[in-house]
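Novice: Based on what follows, work out the 3D shape:
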Amino acid sequence: MTTTAHYSIHHQLVALPHLTPGKRQRHIKGVLLMMHQGAGLLQLGRHYYPLATHEAAFLPADTLFAWHGFAHSRLSRVEFSPRLAQPSIAGRLTPSPLLAAIVARLADWTGEQDWQGAHGRLCRILHDELPQQTILPVDSQPPLHQLITANPASFALAPEQEPEFRRRFDCDADNIRRQCALLLVLRDLAKSPSLDALVQAYGFASVPQFEQYCRHWLGSPCHRSGKNG
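Specialist: Take a look at the predicted model:
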């Protein structure tokens, strides 16, 4: 396959070694996001909704959103032409075993991505299975997810919640809090008059510590002109 622009269904595997801030924009196609490993944040308006391993979300065409992928995450992104029948509401879903198996097969695909061949048939079966999924409101989240949405950079866990958190998110809560704090600083960077006050508001001890975390999680220095939508 030399191009994907003219196909009505397109699968892309997104594997991220570092925290990767997204940019809010409207997409002309419907988008299915499915986590294979790690986690990330779906931003709708000013709210951030976590998706963890084996979870998924659907965003209809013309939805304004951003996807922020955490370090060491692996995500399938499937786009559907608006000409195709598909859900009309944005929301979370628990993938059926068949849908999960199809997306996992596409994520591990190493052969030719031929629309007329096996790859294209899998994409079409995926589309056939999509209407069978139950789409729930994005805010109908498990309790651990609700904690992150309510306070991304400084949510607190009870000791008994920590093992379940690590199992769901493939890392501990501190790592998620640090990455969320970086995203929030980057979001507010362009409009903040004081970088020192901004980084301290999101839990960093100093600008040098913030810059250290940028290098660690983003893999590069942060720039004051940066903005993630």
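
Novice: Which helix or strand lies directly C-terminal to the helix ranked longest in the chain?
Specialist: Taking DSSP state H as the criterion, the chain has its longest helix at helix 173-188. Note on helix 173-188: by DSSP states H and E, the next helix or strand toward the C-terminus is helix 195-201.

Novice: circling back: just the CA coordinates of the longest helix of the chain, formatted as CSV?
Specialist: What follows is helix 173-188, C-alpha atoms only, in CSV (Å, rounded to 0.1, in the frame of the first residue of the first chain):
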residue,chain,number,x,y,z
ALA,A,173,0.7,6.6,40.2
ASP,A,174,3.8,8.9,40.5
ASN,A,175,4.8,8.4,36.9
ILE,A,176,1.2,9.3,35.7
ARG,A,177,1.1,12.4,38.0
ARG,A,178,4.4,13.6,36.7
GLN,A,179,3.4,13.2,33.0
CYS,A,180,0.0,14.9,33.7
ALA,A,181,1.8,17.8,35.4
LEU,A,182,4.0,18.2,32.4
LEU,A,183,1.0,18.2,30.1
LEU,A,184,-0.8,20.9,32.2
VAL,A,185,2.3,23.1,32.3
LEU,A,186,2.7,22.9,28.5
ARG,A,187,-1.0,23.6,28.1
ASP,A,188,-0.7,26.9,30.1
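
Novice: now the helices for the chain?
Specialist: Assigned by DSSP H, the chain shows helices spanning 97-107, 118-129, 143-150, 162-169, 173-188, 195-201, 207-213.

Novice: picking up where we left off before, now do the longest helix of the chain against helix 143-150, angle only.
Specialist: Using axes from the mean of the first three to the mean of the last three CA atoms, to 10 degrees, the inter-axis angle of helix 173-188 relative to helix 143-150 is 30 degrees.

Novice: Now do the same for helix 173-188: mean pLDDT, whole number.
Specialist: For helix 173-188, mean pLDDT is 96.
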